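*Asks:* Here is the input, now give the coordinates:
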Amino acid sequence: MRHQKRVPKLGRTASHRKALLSNLAIQLIKHGRIKTTDAKAKALRSVVERLVTYGKKGTVHHRRLAYRVLKDRKLVKLLFDHIAPQYASRDGGYTRIVKLGYRDNDSAPISLIEFVDYKMPEDKESKKAKEKKTKSKEKEKVA
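*Replies:* Predicted coordinates for the structure are as follows:
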């Protein structure tokens, strides 16, 4: 029986809602935090928390389940190799929703959804830039 299995409809058809939540999950995993409406953030929370749990289990089957939502092998790798290990000791509650106020044009309530205690992976380019800065600072100190 399907008792207590209701989902937030968000005023969309099932396929549109699935695509919307998939896209929001992709952006959240890419950027670590996103700004969206309260209702979308609350619906997204269950999708992303399930993905992080898949990442903690780490089997091939769970990678395939995550790929069904994320549709990008690089994001699945990021989720399983970088994000999920940070929450190995946590039993849930991987995301936080912070209410930001209301949007100007339509007064929709806006929230920030982000990972709790998350450290973004550094890009190779940003690492190189930081190394150049430190080397230039060391040269200035020597001179």
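
*Asks:* Quick one: distance of the worst-scoring helix or strand of the chain on mean pLDDT to the chain centre.
*Replies:* Counting by mean pLDDT, DSSP states H and E, the weakest-scoring helix or strand in the chain turns out to be helix 124-142, with a mean of 73. Centroid separation for helix 124-142 versus its chain: 30 Å, with Cα atoms, centre = their mean, to the nearest Å.

*Asks:* same check, this time on stretch 84-97
*Replies:* 11 Å.

*Asks:* same check, this time on stretch 49-66
*Replies:* 14 Å.

*Asks:* ok, now stretch 92-109?
*Replies:* That offset, for stretch 92-109, works out to 15 Å (Cα atoms, centre = their mean).

*Asks:* What is the burial count for residue 113?
*Replies:* Using other Cβ atoms under 10 Å, residue 113 has 21 neighbouring residues. C-beta coordinates here come from the backbone N, C-alpha and C atoms, glycine included.

*Asks:* Kindly report the same for residue 109.
*Replies:* Residue 109 has 13 nearby residues by other Cβ under 10 Å.

*Asks:* Do a quick rundown of the strands in the protein.
*Replies:* Assigned by DSSP state E, the strands in the chain fall at 33-37, 95-102, 109-115.

*Asks:* so how many other residues sit close to residue 26?
*Replies:* Neighbour count for residue 26, taken as other Cβ under 10 Å: 16.

*Asks:* No further questions, thank you.
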